[in-house]
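K.L.:
based on what follows, work out the 3D shape:
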Amino acid sequence: MSKLTHLDEAGHAHMVDVSDKAETARMARATATVLLTEEAMGLLMQGNLKKGDAMGVARVAGIMGAKKTSELIPLCHPLPITKVTVDLHPDVVKNEVIITATVKTRGQTGVEMEALTAATTAALTLYDMLKAVDKGIIISDIQLDEKQGGKSGTWKRTTA
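P.N.:
Numbers count the residues shown, from 1 in each chain. Predicted coordinates for the structure are as follows:
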């Protein structure tokens with residue numbers, strides 16, 4: 001089993017020292033799924049929401065979430081993010097929206113947490129924008145799908 005890097009020898013949480021690590025290009029991609037009722041999906045697709053363009057607001061919220069990750073997750077390093085994209089893919093047959101967040105940096109540590117935070121923030125924003133119509137919205141399958149760079153190299157989720 002690998003040693004947990006956020007725990008010191010006494011088992012106390014601490015921020016990992018990355019000062020001796022080389023800067024490398026890094027990328028992470030994460031997804032989240034938002035399951036809606038047929039009514040909510042219809043309104044989302046029509047753009048007839050009192051709060052405005054839900055997918056546009058969710059996209060911007062996801063970008064902001066990536067940029068604020070180190071303020072939300074206690075042991076994350078603040079990173080010089082070089083790119084964030086948040087794409088929302090509605091599926092009107094399944095009444096779901098798949099959110100894909102991709103984050104890039106050139107730094108000493110990866111951007112997995114930033115990608116996960118971006119996808120989650122976008123999903124929560126969709127919930128906020130649609131909750132007046134559908135309080136039973138389900139946010140699920142928040143997951144890292146890919147990461148590149150750093151000592152551990154490239155990792156991609158494989159589907160069973």
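K.L.:
in this structure residue 67 contacts residue 83, no?
P.N.:
No - Residue 67 is not in contact with residue 83 according to Cβ atoms under 8 Å; the separation is 11.4 Å. Quick note: C-beta positions are derived from backbone N, CA and C, even for glycine.
K.L.:
more neighbours: those two, which one.
P.N.:
Set residue 67 next to residue 83 and count neighbours by other Cβ atoms under 10 Å: residue 67 wins out with 17 against 12.
K.L.:
list the residues that contact the more buried one.
P.N.:
Neighbouring residues of residue 67 by Cβ atoms under 8 Å, 6 or more residues apart in numbering: 81, 84, 114.
K.L.:
out of these, who's the most crowded?
P.N.:
Neighbour max across these (other Cβ under 10 Å) = residue 114, 28 neighbours.
K.L.:
separation between it and residue 80?
P.N.:
11 Å (Cβ to Cβ, to the nearest Å).
K.L.:
intersection of neighbour lists for those two?
P.N.:
By Cβ under 8 Å, 6+ apart, residue 114 and residue 80 have these common neighbours: residue 105.
K.L.:
what sits opposite residue 85 in the beta ladder?
P.N.:
Beta-bridge partners of residue 85, counted by DSSP bridges, are residue 102.
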